[in-house]
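Enquirer: give me a 3D structure for the following:
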Amino acid sequence: MAKQSTPSAYQRINITLPTATLGLLDRVASKGNRSRFIDEAIQRLAMGRSRAELQSLLEEDGRANRERDLAVHTEWAGVDAETWPGRRRH
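Expert: Numbers count the residues shown, from 1 in each chain. Next up is the predicted model:
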């Protein structure tokens with residue numbers, strides 16, 4: 001199980017999830033417990049695996065989800081260009 005951290009040991013991040021994944025997350029964890037659920041899922045996925053094994057899993061996922069990821073990038077590229085100072089438009 002994931003080790004407990006003090007509140008000061010946390011950092012806020014922004015992630016993007018496919019709508020279906022967010023729906024699944026909402027079914028298994030209440031909105032107040034999303035971070036804890038994601039933390040535990042990452043801990044379980046990564047625990048006992050080498051960096052090379054994790055890299056391989058990421059590469060497999062990247063190949064399997066390439067089209068979806070490109071669609072998300074295309075959808076959000078305009079927003080990024082408008083909101084991030086110094087960001088070049090593609």
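Enquirer: contact partners for residue 17?
Expert: Taking Cβ atoms under 8 Å, 6 or more residues apart in numbering, we find residue 17 in contact with residue 25. C-beta here means a position set from N, CA and C on the backbone, and glycine is covered the same way.
Enquirer: tell me the SS of it?
Expert: Secondary structure assignment for residue 17 (DSSP: H, G, I helix; E, B strand; the rest coil): coil.
Enquirer: phi, psi of the residue nearest to the spatial centre of the chain?
Expert: With distances taken as Cα atoms, centre = their mean, residue 15 lies nearest the centre of the chain, 4.9 Å away. Residue 15 adopts backbone torsions of phi -120, psi 160, taken as degrees, to the nearest 10.
Enquirer: contacting residues for it?
Expert: So residue 15 contacts nothing (Cβ under 8 Å, 6+ apart).
Enquirer: state the distance from it to residue 35.
Expert: Noted for residue 15: a distance of 10 Å to residue 35, by Cβ to Cβ, to the nearest Å.
Enquirer: keeping just the C-alphas, turn stretch 65-72 into CSV.
Expert: Listed in CSV are the C-alpha atoms of stretch 65-72, where the atom choice follows Å, rounded to 0.1, in the frame of the first residue of the first chain:
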residue,chain,number,x,y,z
ASN,A,65,-2.9,5.3,-28.0
ARG,A,66,-1.0,7.4,-30.5
GLU,A,67,-4.1,8.5,-32.4
ARG,A,68,-6.0,9.5,-29.3
ASP,A,69,-3.0,11.4,-27.9
LEU,A,70,-2.6,13.3,-31.2
ALA,A,71,-6.3,14.2,-31.1
VAL,A,72,-6.0,15.6,-27.5
